[in-house]
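Asker: Below are the sequence and a predicted model; questions follow.
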Amino acid sequence: MAPRNKAIPRTRSIPGHTRAPARRPAERYVLSLFVAGATARSQQAVRHVRALCAEKLPGRCTLEVIDIYQQPALARANQIVATPTLLISLPLPVRRFIGSLPNITDLLGQFDLGENGRITL
């Protein structure tokens, strides 16, 4: 004998009440900035990326600044060939931005941060 289909209970809508959209937890970002020493260019890149994290990803971003002279093994492991290099490890896929990162506007243009603060390419 075939099982009987049970009726699915219907939900009632309340006039004037709209259902709130489901909220997903905010994504976490893991950024690594590879620099070469304490040069003005390196310090400028650090300032710009920290400003990006503070403005666009507050509380959702972990930034690690890595000096390739101090930690050459990390540079080799991450295949860093030029500095400064910004490596976005999470969310996947891994992305790299190489160059001087002259200002936040240019960096935001490369990141294309949408309204919800998610970094997309």
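Answerer: Perfect, I can see it now. Residues are numbered from 1 along each chain as shown.
Asker: Can you say which helix or strand has T62 in it?
Answerer: Using DSSP states H and E, the element containing T62 is strand 61-67.
Asker: Show me what counts as buried in that strand.
Answerer: C61, L63, I66, D67 (16 or more other CB atoms under 10 Å). The C-beta positions use only the backbone N, C-alpha and C, and glycine is treated the same way.
Asker: neighbours around the closest residue to T62 other than its chain neighbours, how many?
Answerer: Distances taken as CB to CB, 6 or more residues apart in numbering place V30 nearest to T62, at 5.1 Å, with adjacent residues excluded. V30: 14 surrounding residues under other CB atoms under 10 Å.
Asker: so V30 is in which element?
Answerer: Judged by DSSP H and E, V30 forms part of strand 29-35.
Asker: Could I get the buried residue list for that strand?
Answerer: Buried, per 16+ other CB under 10 Å, within strand 29-35: Y29, L31, S32, L33, F34, V35.
Asker: Where do the helices of the protein begin and end?
Answerer: 40-56, 72-77, 104-111 (DSSP state H).
Asker: could these be laid out in a markdown table, adding mean pLDDT and mean neighbour count?
Answerer: Below are the helices of the chain laid out as a markdown table (pLDDT from 0 to 100; neighbours: other CB atoms under 10 Å):
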| stretch | mean pLDDT | mean neighbour count |
| --- | --- | --- |
| helix 40-56 | 89 | 16 |
| helix 72-77 | 95 | 12 |
| helix 104-111 | 53 | 14 |
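Asker: Please identify which of the buried residues of strand 61-67 is nearest to V81.
Answerer: I66 (14.2 Å; CB to CB).
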